[in-house]
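Trainee: Give me a 3D structure for the following:
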Amino acid sequence: MSKSIPKRILPVIVLAQFAGTSLWFAGNAVIPDLVQELQLTEMAVGYITSAVQFGFISGTLLFAFLSVADRISPSKVFLGCALLGAACNAVTVYSDTFLLLILSRFGTGFFLAGIYPVGMKIASDWHKEGLGKALGYLVGALVLGTGFPHLIKFMTSDLPWRTILFATSAFSGFGGILLYAAVPDGPHQGKKGEFRPAVVFQLFKNKNFRSAAFGYFGHMWELYTFWAFVPIMLGFYVELNNGIYGSVPLWSFIIIGIGGISCAVGGHWALKTSSKKVALVSLIGSGICCLLAPLLFELSFMVFIVLLLTWGIFVVSDSPQFSTLVAQSSDREYVATGLTIVNSIGFAITIFSIQLVNMMWARWQSPAVFLVMAMGPVVGAISIMKYRLHQKKDETIATV
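Mentor: So this is what the prediction gives:
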């Protein structure tokens, strides 16, 4: 890391991203309570998750076509979206109808578009040398943020379920204020891009950009569906085997959160090999786990948990590497736009995957439905193999 970069920069960005992304699965962490409160159906988990994803897609599309973070100070964008996302998340507490619940989760997702990709932009503006190592830690924090509401639920089991939503909202607001106060615009920021909606289509003319993007799309088909259904898988195992050691919320956090470690490790490994190799190995590993899914629930608890943890490791360790390849294939003036549009399409894909598995699960309640997720790693691996490496070593920018 360059000596000219203040030591506070990376830790603050990491903490702020961790805080902001804690909003993502806050609704999922309280689904049993929402189901009881609003008398929802088995399909609730899919609808609540997809509402956030659809909001994120809408936000990222708007931000990408307007090139928001390439034209406005990204720290200001991050602050505004962290505060507004926190407000929408808090509204979930007062959702007395299913429509209001879905709208509040949609709003939360919409403003996450100004937290997640914009945080990546801020990090890339500050780090040029050793970017891969630094950003491996950043995406690890993002993964922990995703699983954080499950940990809060475990720790506040004796408190009202609304505590989880208030806590994550307060944490997000704190993260936005902290980043705005401590992290100015970075020294490696490209010149302000002009408003050119056509740049989105021009980016896809680059073969490497397409290869990285489609590899990421395959990765996303699996990732958020797996994360959304981790508590469901654990609950199903409990039903079949009369309990587990520990609690479902705690294991949900650990299984999702362990991916944060693998992202950091993958960042170090990418510096020695390449982002392409790390991504390919991760896709193969998670694909194998997908294929083993129908067998998991007949195994002993320890083997079951070890395999879910292994899945949690491989399912996200390729995330920083895909964003590396996307960013390196983008025009420097439109890095945020390239990252944002790929994010947007990737999250659109998660809606189809989540809803497909959700409908199949509601109908058949069979672990075989999780085989659907295997299509993602297969497509992703085929796509990323077409990426042509340059002489220069990969520099990692994080995305999930």
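
Trainee: measure the nearest residue to Val335 once chain neighbours are set aside to Ser75 for me?
Mentor: Of all residues not flanking Val335 in the chain, Ala327 sits nearest, at 5.4 Å (CB to CB, 6 or more residues apart in numbering). No exception for glycine: its C-beta is placed from N, CA and C like everyone else's. Note on Ala327: its distance to Ser75, by CB to CB, to the nearest Å, is 19 Å.

Trainee: ok, back up a step: the residue nearest to Val335: neighbour count?
Mentor: Here the number of neighbours of Ala327 (other CB atoms under 10 Å) works out to 27.

Trainee: wait, it sits on Thr340?
Mentor: No - taking CB atoms under 8 Å as the definition, Ala327 is not a contact partner of Thr340, at 11.2 Å.

Trainee: Show the average pLDDT along whichever strand or helix holds Ile254.
Mentor: Element membership for Ile254 (DSSP states H and E) is helix 248-272. What helix 248-272 shows for mean pLDDT is 89.

Trainee: what angle separates the helix or strand that it is followed by from helix 248-272?
Mentor: The helix or strand immediately downstream of helix 248-272 is helix 275-296, counting by DSSP H and E. Inter-element angle recorded for helix 275-296 and helix 248-272: 150 degrees (by axes from the mean of the first three to the mean of the last three CA atoms, to 10 degrees).

Trainee: Tell me the buried residues in helix 275-296?
Mentor: Within helix 275-296, the residues that count as buried by 16 or more other CB atoms under 10 Å are 275-283, 285-287, 289-290, 292-293, 296.

Trainee: so what does the worst-scoring helix or strand of the chain on mean pLDDT touch, helix or strand wise?
Mentor: Every helix and strand of the chain was ranked by mean pLDDT, DSSP states H and E. The lowest is helix 68-71, at a mean of 73. On a contact count with 3 or more CB pairs under 8 Å, 6 or more residues apart in numbering; DSSP states H and E, helix 68-71 meets helix 116-126, helix 335-364.

Trainee: Following the chain onward from it, which element is next?
Mentor: Following helix 68-71 toward the C-terminus (DSSP H and E): helix 74-91.

Trainee: Touching that following helix from outside, list them.
Mentor: 16, 19-20, 23, 26-27, 68-69, 100, 104-105, 107-108, 110-115, 118-119, 121-122, 125, 165-166, 168-170, 172-173, 175-177, 179-180, 183-185, 336 (CB atoms under 8 Å, 6 or more residues apart in numbering).

Trainee: What's the PyMOL line that selects buried ones from those?
Mentor: Buried members of the contacts of helix 74-91, defined by 16+ other CB under 10 Å, are picked up in PyMOL with:
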select buried, resi 16+19+20+23+26+27+68+69+104+105+107+108+110+111+112+113+114+115+118+119+121+122+125+165+166+168+169+172+173+175+176+179+180+183+336
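
Trainee: Take the contacts of helix 74-91 and keep only those in strands.
Mentor: Per DSSP state E, strands hold no members of the contacts of helix 74-91.

Trainee: mind listing what Phe166 touches?
Mentor: With CB under 8 Å, 6+ apart, Phe166 has these contacts: Ala90, Val93.

Trainee: okay, now Lys7: neighbour count?
Mentor: Neighbour number of Lys7 under other CB under 10 Å is 9.

Trainee: Check the secondary structure at it for me.
Mentor: coil (DSSP: H, G, I helix; E, B strand; the rest coil).

Trainee: Find the helix or strand that Thr146 is a member of.
Mentor: Under the assignment here (DSSP H and E), Thr146 is part of helix 131-155.

Trainee: could you check the angle helix 74-91 makes with that helix?
Mentor: 20 degrees.

Trainee: low pLDDT regions in the stretch 251-400 of the chain?
Mentor: Confidence mapping of the stretch 251-400 of the chain against pLDDT under 70 gives the ranges 332-333, 336, 390-400.
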